[in-house]
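[1] quick one: sequence plus predicted model below, questions after.
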Amino acid sequence: MHSFINRHQSPLTLDEIARRAPSALATRPYDAMSAKYTYVPTLGVIEAMIKAGFQPFSAVQSRTRIVGKGDFTKHMLRFRHQDMSRTCAVGDVIPEVVLINSHDGTSAYKLIAGLYRLVCSNGMMVSDGEIDAINVTHKGDIVGEVIEGSHRLIADTQKSLGTVRNWTQLQLTDGEQHAFAESAHTLRFADAEGKITTPITPTQLLMPRRREDVGSDLWHTLNRVQENVIAGALSAVQRDADGRRVRRVSTRRINGIDQDVRLNRALWSLAEKMAALKAKDIPFAAAEVVQAA
């Protein structure tokens, strides 16, 4: 995924989108698509979103090793409504609509509610348990459905902003923070069989990268863990089985749209489960939280 962080916090122009996610502006479908494939350009949706008051602030696309396919792969754009950015933000959190599509048949239009935290330039995504994602197939009035769905998601983010407020008031013990980090550690590093081989520890996921992230409440804990999971740049020493050879291991930024979405939404689900258990004053283990994500 070609990543892009909009540090200037100004809407992207079409030229900037073209540089960061050229597949979003494709004027035709990928050559391998069949005649039955209904092609609806993302460009038309972008223009309609802008006209409806939604401005694009981020654009990324998936990488491919197939020659000639790079201009048609899955892409993800994040929009903010001009009114919501000013009136509906909570602290440094702004509601967004995340749009995913492709022109190579790998994805239908998908709309996901997102929250953008200004201080860390990392966009969170809300889980289905909070706000249902909207899928729009490549048929019918696609542009109209996307616009309608975007307005519905932005309206529904009021619920998520209320959740953020509640989580800032929900204090976690050291043990609860560590349980949350262990769950996130499993989500990020476990293989298909649940085995973890990385020397990166759950404690490293709790380390703040800036002063604003210090805090023991659930919201700050989620933010620290989320950034450490997604942004990478964590390192640790790993020894071979015989204990003789040593090498340094570093994590990389998550650079795939599907993995980015999966981890962000799973982390939100973890926080929901943590909050639910805290409300009932029920002790929990990290494994229980993972199963809920």
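    Everything's here; your move.

[2] R188 versus the residue lying closest to R224 once chain neighbours are set aside, what's the distance?
    Distances taken as CB to CB, 6 or more residues apart in numbering place D213 nearest to R224, at 5.0 Å, with adjacent residues excluded. From N, CA and C alone the C-beta is placed, and that goes for glycine too. Plainly put, D213 is 18 Å away from R188 if you go by CB to CB, to the nearest Å.

[3] the two: which is more packed in?
    R188 (24 against 18; other CB atoms under 10 Å).

[4] need the contact list for that one.
    Counting by CB atoms under 8 Å, 6 or more residues apart in numbering, R188 touches 205, 229, 263.

[5] pLDDT score assigned to it?
    According to the prediction, R188 has pLDDT 94.

[6] which element is it on?
    helix 174-189 (DSSP states H and E).

[7] cool, L99 as well?
    In this assignment (DSSP H and E), L99 forms part of strand 93-101.

[8] helices or strands up against the helix or strand following that strand?
    Downstream of strand 93-101, the first helix or strand assigned by DSSP H and E is strand 109-117. Counting contacts by 3 or more CB pairs under 8 Å, 6 or more residues apart in numbering; DSSP states H and E, strand 109-117 is packed against strand 75-81, strand 93-101, strand 122-125, strand 134-136, helix 142-168.

[9] quick one: strand 109-117 to chain centroid distance?
    8 Å (CA atoms, centre = their mean, to the nearest Å).

[10] how far off strand 75-81 does that strand point, in degrees?
    60 degrees (axes from the mean of the first three to the mean of the last three CA atoms, to 10 degrees).

[11] just the CA trace of strand 109-117, in CSV.
    Extracted C-alpha coordinates of strand 109-117, given in CSV (Å, rounded to 0.1, in the frame of the first residue of the first chain):
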residue,chain,number,x,y,z
TYR,A,109,-17.6,0.0,-2.8
LYS,A,110,-17.3,-0.1,1.0
LEU,A,111,-18.0,2.7,3.4
ILE,A,112,-16.7,2.5,7.0
ALA,A,113,-17.1,5.0,9.8
GLY,A,114,-13.7,6.4,10.8
LEU,A,115,-12.3,8.6,13.5
TYR,A,116,-9.2,10.6,12.9
ARG,A,117,-7.0,11.7,15.8
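
[12] list the contacts for S160?
    Here S160 is in contact with 95, 113, 115, 126, 130-131 (CB under 8 Å, 6+ apart).

[13] would you point out the most distant pair within the residues you listed?
    Within these, P95 and E130 form the most distant pair, 12.1 Å apart (CB to CB).

[14] same drill for the two, tell me which one is more crowded.
    Each of P95 and E130 has its neighbours counted (other CB under 10 Å); P95 has more, 25 against 19.

[15] the more buried one touches I154, doesn't it?
    Yes: here P95 reaches I154: they are 5.8 Å apart, a contact under CB atoms under 8 Å.

[16] quick one: buried residues of stretch 52-71?
    52-54, 56-62, 64, 69-71 (16 or more other CB atoms under 10 Å).

[17] before we move on, back to that, what touches both of P95 and E130?
    113, 160.

[18] shouldn't D92 be in contact with R117?
    Yes: if you go by CB under 8 Å, D92 and R117 touch, sitting 5.6 Å apart.

[19] which one's more surrounded, these two?
    More crowded of D92 and R117, by other CB under 10 Å: R117, with 22 against 12.

[20] which ones are touching the more buried one?
    Counted by CB under 8 Å, 6+ apart, R117 has contacts 92-93, 123-124, 223.

[21] could you rerun that using 10 Å?
    When contacts are counted by CB atoms under 10 Å, 6 or more residues apart in numbering, R117 touches 90-94, 123-124, 164, 212-213, 219, 222-223, 226-227.

[22] generate a ChimeraX selection restricted to the buried subset of those.
    Command for ChimeraX that selects the buried part of the contacts of R117, burial taken from 16+ other CB under 10 Å:
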select :90,93,94,123,124,164,213,219,222,223,226,227
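
[23] wait, which of the contacts of R117 is closest to A236?
    Distances from A236 to the contacts of R117, taken by CB to CB, are shortest for E227, at 17.3 Å.

[24] correct me if wrong: that closest one contacts E212.
    No: using CB atoms under 10 Å, E227 makes no contact with E212, being 11.2 Å away.
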